[in-house]
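Colleague: Whatever this is, show me its structure:
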Amino acid sequence: MREPIFLNRSIRDLRRYGLARVDPNQRIQVHRLVQMVLREELGPELIARSRQNVQNLLASANPADPDDPETWPFYAEVGPHILPSGVIDAEDNTARRVALDYTRYLYKVGNYEGTKRYGGILVERWRAATGEGLGPDGELTLIATRHLASGLRDLGDNTTARRYDEDAFQRLRSSPLFGPDHEHTLATAQNVAVGLRIAGEYRRAFEIDADNVERHERVFGDEDAATLRARSNLAVNYRMTGDFRGALAIDEELVTKWLETVGEDDSRYLFCVANMARDLYGLGEYARALQLQQQAYPRYREALGVGHASVLLANRTIAVALRKVGRYRDALARARENYHDYDVRFGPDHEHTMAAAMTYANTLRVAGELSQALDLAENAVQRYRRVFGDAHPLRLVAMTNLAVILRGVGDTARAWKTDVEALEGLTNALGARHGYTLCVENNLSNDLNRANKLTEALERSTRTLATSREVRGEGHPYTLACAVNAALDMEATGDERGGQSLLDETIAKLTEVFGPDHPETLDAGRFRRAECDIEPPPT
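Modeller: Residues are numbered from 1 along each chain as shown. Have a look, this model is predicted:
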């Protein structure tokens, strides 16, 4: 292989005798009939030697970095040879790593079914085997376990994935060969944190990822790709706990670093752009979020494909941002498409499918399709309950959106009951000052107003406005929604001058934020109460 003259002669002979097709780049494809004859004619010793040669070739060619998109063509080409070549059961760990890296590649390109299949084979074989890196505590086995868990989780099997991750993490952390600061331990800790977030345990996930970033910086340094990924995971925790400014500070830095190192067409850069768009959305900067994600989306789709989970998430961000900037027709088409794509790709009970269903329901509501929105939201709440349980924040968020729709169809009693349950649950799970909790507080003032409990409505709306100003800031659209309701409650309880003054001030700010023709600006001018729906970011 290292002697070009002899190699070229051999290739010419293969072509001359019709034993193989050779393209201009000297890529060789052997006819299936020739393959069959060779297998039949070779003796056991020569077959074993040939198979070992193949394994050595694959090991030597392995770029060993499946997270880098530039290596993906190699793994796509080598995939059909993984099982026939026997690299999974090779004697040499370098050859076995080809199968391990191929499994990770499948996950990175969004082939979660393939990740589950190959990861399952690796874990089963290597757990039962003996030798360096093998067995239940072996390095290769534990890495394969992590890859398998990632595939299972993205297919929606969160319970099994979490069990695999936590088992591998404990083995790595307690192992004398690895320990708490080893690269494999740190990578597995990130998976553990993801499992906690999916389970709704946001604070525990935050603690693990914050500790993980400190360890990455100490072990790898500030600029290493692994450290950048750890920071990205930490930013997710900031989003889930309502600190979108903290998340944005991290994601802006990551966008800059990935742009400098890999360029604007790389999926790692585009992933961070999508996260930054979610941060901006959480901060109420809907137009900036929309512009950023729309500009990057075509490149993201080209890099990973339209059905990749990350691309679908980016498309959902575009849908929710379109709705928030008042482009309801465009938002409805995008949300419908996104929900359908999720349902086909992952099924109805997947976390992201349920989130897409709520996005579609929220969009149907503002578009005036209340009956369809109600059916979709009720179904999503039921599925959230079945998959995640009563007290999970995502179910409580879905209930908040359902209550908004119930008020829209005139079912005020049920809306109030739903809001009360959601408020109690979110206060317990996330705290009284979390943005989601404040959304329910605002919406409960609408329930109280409809029940003609005007004084109680005023007390709640003014208290919520004050807290929202502290937490979100004066100009956040949801703070302005709280201000609209507080102004209307002031007028309803006799303070017409104060209420009108606050309403005029709020309409001026809404005009500045959204423009004079935005539906929310117009609604405030028509003395209509404001609702706060919720679009939770992915875990």
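
Colleague: so who does G151 touch?
Modeller: L106, Y107, Y112, E113, G114, T115, K116, G119 (CB atoms under 8 Å, 6 or more residues apart in numbering). Using the backbone N, CA and C atoms, a C-beta is placed for each residue, glycine as well.

Colleague: Buried ones among the residues you listed?
Modeller: L106, Y107, Y112, G114, T115, K116, G119 (16 or more other CB atoms under 10 Å).

Colleague: Reformat the residues you listed as a markdown table; add pLDDT, distance to V192 and secondary structure.
Modeller: As requested, those are exported to a markdown table (pLDDT from 0 to 100; distance: CB to CB, whole Å; DSSP: H, G, I helix; E, B strand; the rest coil):
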| residue | pLDDT | distance to V192 | secondary structure |
| --- | --- | --- | --- |
| L106 | 98 | 21 | helix |
| Y107 | 97 | 17 | helix |
| Y112 | 97 | 19 | helix |
| G114 | 97 | 23 | helix |
| T115 | 98 | 18 | helix |
| K116 | 98 | 19 | helix |
| G119 | 98 | 17 | helix |
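
Colleague: can you list those residues in JSON lines and add distance to E139?
Modeller: Listed next are the buried ones among the contacts of G151 as JSON lines, based on distance: CB to CB, whole Å:
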{"residue": "L106", "distance to E139": "20"}
{"residue": "Y107", "distance to E139": "19"}
{"residue": "Y112", "distance to E139": "24"}
{"residue": "G114", "distance to E139": "22"}
{"residue": "T115", "distance to E139": "19"}
{"residue": "K116", "distance to E139": "21"}
{"residue": "G119", "distance to E139": "15"}
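
Colleague: circling back: pick the one among the contacts of G151 closest to Y478.
Modeller: Minimum distance to Y478 across the contacts of G151 is 34.9 Å, recorded for Y112 (CB to CB).

Colleague: Touching, the closest one and D154? I think so.
Modeller: Yes - under the criterion of CB atoms under 8 Å, Y112 makes contact with D154 at 4.5 Å.

Colleague: what sits in contact with each of these two?
Modeller: Common neighbours of Y112 and D154, using CB under 8 Å, 6+ apart, are A309.

Colleague: What lies in contact with stretch 457-467?
Modeller: By CB under 8 Å, 6+ apart, stretch 457-467 touches 432-433, 438, 441-442, 444-446, 448-449, 479, 482-483, 485-486, 489-490, 492-493.

Colleague: Validate this expectation: C439 resides in a strand.
Modeller: No - assessed by DSSP: H, G, I helix; E, B strand; the rest coil, C439 does not belong to a strand; its assignment is helix.

Colleague: Give me the mean pLDDT for stretch 331-349.
Modeller: Stretch 331-349 carries an average pLDDT of 97.

Colleague: ok now that stretch, how far from the chain's centre?
Modeller: 15 Å (CA atoms, centre = their mean, to the nearest Å).

Colleague: swap in stretch 235-252?
Modeller: Centroid displacement of stretch 235-252 relative to its chain, using CA atoms, centre = their mean, is 14 Å.

Colleague: Can I get it as CSV, trimmed to CA atoms?
Modeller: Included here for stretch 235-252 are C-alpha records, laid out as CSV according to Å, rounded to 0.1, in the frame of the first residue of the first chain:
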residue,chain,number,x,y,z
ALA,A,235,-26.1,27.5,28.5
VAL,A,236,-29.0,25.0,28.0
ASN,A,237,-29.4,25.0,31.8
TYR,A,238,-29.4,28.8,31.9
ARG,A,239,-32.3,28.7,29.4
MET,A,240,-34.2,26.1,31.3
THR,A,241,-33.9,28.0,34.6
GLY,A,242,-35.0,31.2,32.9
ASP,A,243,-31.7,33.1,32.7
PHE,A,244,-31.6,33.8,29.0
ARG,A,245,-29.0,36.6,29.4
GLY,A,246,-26.7,34.2,31.1
ALA,A,247,-27.3,31.7,28.2
LEU,A,248,-26.8,34.4,25.6
ALA,A,249,-23.4,35.5,27.1
ILE,A,250,-22.2,31.9,26.6
ASP,A,251,-23.7,31.3,23.2
GLU,A,252,-22.5,34.6,21.7
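
Colleague: And it, what's buried?
Modeller: Neighbour-count burial for stretch 235-252 flags 235-244, 246-248, 250-252 (criterion: 16+ other CB under 10 Å).

Colleague: Tell me which residues are up against that stretch.
Modeller: For stretch 235-252, the external contacting residues (CB under 8 Å, 6+ apart) are 193, 197, 202-203, 205-206, 209-210, 231-232, 234, 254, 272, 275-276, 278-280, 282-283, 430, 433-436, 471, 536-539.

Colleague: run the last query once more with 6 Å
Modeller: With CB atoms under 6 Å, 6 or more residues apart in numbering as the test, stretch 235-252 has contacts from 202, 205-206, 209, 231, 272, 275-276, 279, 282-283, 434-435, 537.

Colleague: got it, and stretch 492-507?
Modeller: L454, L458, L480, A483, V484, A487, M490, E491, A524, G525.

Colleague: any idea how far the second one lies from Q500?
Modeller: As for L458, its distance to Q500 is 15 Å (criterion: CB to CB, to the nearest Å).

Colleague: Which one of the two is surrounded by more residues?
Modeller: A count of neighbours by other CB atoms under 10 Å puts L458 above the other of L458 and Q500, at 24 against 14.
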